[in-house]
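>>> 3D, please:
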Amino acid sequence: MEKKQRCGWCEGDALYEAYHDTEWGVPLYEDDQLFEFLILETFQAGLSWITILRKRENFRKAFDNFDYKKIADYSKEKVEELMNDSGIIRNKQKILASISNAEAYMKIQEEFGSFSGYIWKFVDGKPIQTNLKSYKQAPASTDLSIAISKDLKKRGFKFVGPTVVYAHMQATGMVNDHEMDCFRHEEVKNMA
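Numbers count the residues shown, from 1 in each chain. Below is the predicted model of the structure:
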């Protein structure tokens, strides 16, 4: 069986490869999924994505399946419970940011009808197609991720700097940063 050519960042780890092969870069338009990625990216700030990926199921359990309506109502007791959960990243600022981000998320839904409608308007509803030879050429942030970050912060979001926003854009398919030689580049491009 011929080995698939993948983006260099995921090779050698089965969990990373599975995530890369099935999720990363696929255009997401569902508010529930977009929120999950937003929370995970928030917790990733300053850490590696594989660290978050390995704890994803624990996060899912701890954060009520990423139900933003429930998260927006988390009490001080729930925050303490999360701070004692060794299965997740126990960072109080990030936990509190998840709660305020859930509140801000619902305000965007009220204003725009959906978070998806809001976030995808930044790229006119269509993924940006890049032609990277190596994942190392991908920028940490772009003018667009800076603009989105500013707008999110203005709307009350926390831990959404330009790098976090760009990672979110890559993960949710707003930008196709699969390497040109990667078997997923064309597949994801055709999903646009």
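>>> just checking, what's the longest helix in this structure?
helix 92-112 (DSSP state H).
>>> show me what it is in contact with.
With contact meaning Cβ atoms under 8 Å, 6 or more residues apart in numbering, helix 92-112 is reached by 31, 35, 38-39, 42-43, 45, 63, 68-69, 71-72, 74, 79, 82-83, 115, 118, 121, 152, 155-160. The way it works is simple: take the backbone N, C-alpha and C, and place the C-beta from them, glycine included.
>>> pLDDT of it, averaged?
For helix 92-112, mean pLDDT rounds to 97.
>>> kindly report the same for stretch 155-163.
96.
>>> name the residues of that stretch that are buried.
Residues of stretch 155-163 classed as buried: 157-163 (neighbour count, 16 or more other Cβ atoms under 10 Å).
>>> stretch 51-69 too?
In stretch 51-69, counting by 16+ other Cβ under 10 Å, buried: 52-53, 55, 59, 62-63, 66, 68.
>>> give me the below-cutoff pLDDT ranges for the chain.
1-2 (pLDDT under 70).
>>> and stretch 47-59, how far out from the chain's middle?
The chain centre lies 12 Å from the centre of stretch 47-59; the measure is Cα atoms, centre = their mean, to the nearest Å.
>>> ranges for the helices of the protein?
Using DSSP H, helices in the chain cover 14-22, 31-44, 49-54, 56-62, 68-72, 76-83, 92-112, 115-120, 143-154, 162-171, 183-191.
>>> other SSEs contacting the last one?
So that's helix 183-191. Where contact means 3 or more Cβ pairs under 8 Å, 6 or more residues apart in numbering; DSSP states H and E, helix 183-191 is packed against strand 175-176.
>>> tell me the strands beside the strand it packs on, with direction?
Next to strand 175-176 in the sheet, as set by DSSP bridges, lie strand 128-129 (parallel).
>>> picking that back up, buried set for the longest helix of the chain?
By neighbour count with 16+ other Cβ under 10 Å, helix 92-112 contains the buried residues 94-95, 97-99, 101-102, 104-106, 108-109.
>>> with distance to M191 added, can I get those in TSV?
Formatted as TSV, those follow (distance: Cβ to Cβ, whole Å):
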residue	distance to M191
K94	31
I95	33
A97	31
S98	29
I99	33
N101	27
A102	28
A104	28
Y105	24
M106	28
I108	24
Q109	24
